[in-house]
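>>> Following is a predicted model, sequence given first.
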Amino acid sequence: MFLWPLSFTHCHMDTLRDTRIYVAGRCGLVGGAIWGELQRRGFTRLIGRKHAELDLLDSSRLFALGWLPQVDLESGIRLAYQDFLKRFGRKLL
């Protein structure tokens with residue numbers, strides 16, 4: 001199985017195997033594949049979190065730190081899409 005992020009052609013594998021690697025969503029489809037491939041290649045210092053442990057949709061911690069959004073969700077999606085089209089739209093057509 002070839003996974004692009006795991007193509008370590010320019011690195012020393014022995015040095016990388018001693019590195020801690022964090023895999024988010026390790027029980028999901030992509031995270032599970034990355035986790036398995038790293039283990040197959042001999043990496044032992046893996047740190048993983050399941051999707052439920054991450055709770056990426058809970059913004060209460062950000063609000064508790066004093067962060068407030070500058071745009072509402074709908075405007076943010078519209079601005080992100082317009083930026084995407086500006087950067088990549090012509091290349092896709």
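Thanks, I have the structure now.

>>> how does the protein divide up, domain by domain?
Annotated domains of the chain cover 1-57, 58-93 [automatic domain parsing].

>>> and these as JSON lines, adding mean pLDDT?
Listed next are the domains of the chain as JSON lines, based on pLDDT from 0 to 100:
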{"stretch": "domain 1-57", "mean pLDDT": "74"}
{"stretch": "domain 58-93", "mean pLDDT": "84"}
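
>>> Just say which of these is most tucked in.
Ranked by mean neighbour count, the domains of the chain are led by domain 1-57 with a mean of 12 (mean count of other Cβ atoms under 10 Å). The way it works is simple: take the backbone N, C-alpha and C, and place the C-beta from them, glycine included.

>>> Can you identify each of the strands in the protein by residue range?
Under the criterion DSSP state E, the chain contains strands at 21-24, 46-49.

>>> Mind checking those strands for the one nearest to Leu85?
Set against Leu85 and scored by Cβ to Cβ, these come closest in strand 21-24, at 28.4 Å.

>>> Now do that closest one: distance to the chain's middle.
9 Å (Cα atoms, centre = their mean, to the nearest Å).

>>> ditto for stretch 38-47
With Cα atoms, centre = their mean, you get 17 Å for stretch 38-47.

>>> what's the answer for stretch 58-72, then?
Distance, centroid of stretch 58-72 to centroid of chain: 21 Å (Cα atoms, centre = their mean).

>>> coming back round to it: between the strands of the chain, which one is closest to Phe84.
Going by Cβ to Cβ, the one of the strands of the chain nearest Phe84 is strand 21-24, 23.1 Å.
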